[in-house]
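Participant: following is a predicted model, sequence given first.
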Amino acid sequence: MALEAVRGDKTIAEIAAHHEVHPNQVTAWKGQLLENAAAIFDGNPVAADSRERIRELHGKIGELTVERDILEGALGKFPGLSAKR
């Protein structure tokens, strides 16, 4: 839809009606495309950086989950203490 809007063959209202979305959404998508189009085609795409960051964060989530489970198990060995709140 954003590409259709950039091409200009149809009005924003026509595109929105055809795809059953609000014209403001088509306008927002068009703006995002125009702002980010260069990053899609240059040699250093944002998506690759984002994927690496997501991998790092998933790794950190895994570490923290293991630490939490270990601490929860250790606290469960002491009467009256619990990791559950």
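Facilitator: Thanks, I have it.

Participant: number of residues surrounding L33?
Facilitator: 15 (other C-beta atoms under 10 Å). The C-beta positions use only the backbone N, C-alpha and C, and glycine is treated the same way.

Participant: any idea which helix or strand carries it?
Facilitator: Taking DSSP states H and E as the definition, L33 sits inside helix 23-41.

Participant: go ahead and flag the most central residue of the chain.
Facilitator: S50 (8.9 Å; C-alpha atoms, centre = their mean).

Participant: how far off centre is the helix or strand that contains it?
Facilitator: Assigned by DSSP H and E, S50 belongs to helix 46-75. Offset of helix 46-75 from its chain centre (C-alpha atoms, centre = their mean, to the nearest Å): 17 Å.

Participant: I'd like to know how many residues surround A5.
Facilitator: A5 - counted by other C-beta under 10 Å - has 22 other residues nearby.

Participant: about what we covered before: okay, buried residues for the helix holding S50 please.
Facilitator: By 16 or more other C-beta atoms under 10 Å, helix 46-75 has no buried positions at all.

Participant: now it: mean pLDDT?
Facilitator: Per-residue pLDDT values over helix 46-75 give a mean of 88.

Participant: state the distance from the residue nearest to the centre of the chain to E14.
Facilitator: Applying C-beta to C-beta, to the nearest Å, the value for S50 to E14 is 33 Å.

Participant: could you do T27 as well?
Facilitator: Distance from T27 to E14, by C-beta to C-beta: 13 Å.

Participant: quick one, domains of the chain?
Facilitator: Here the domain parsing of the chain from automatic domain parsing is 2-41, 43-85.

Participant: nice, that's everything, thank you.
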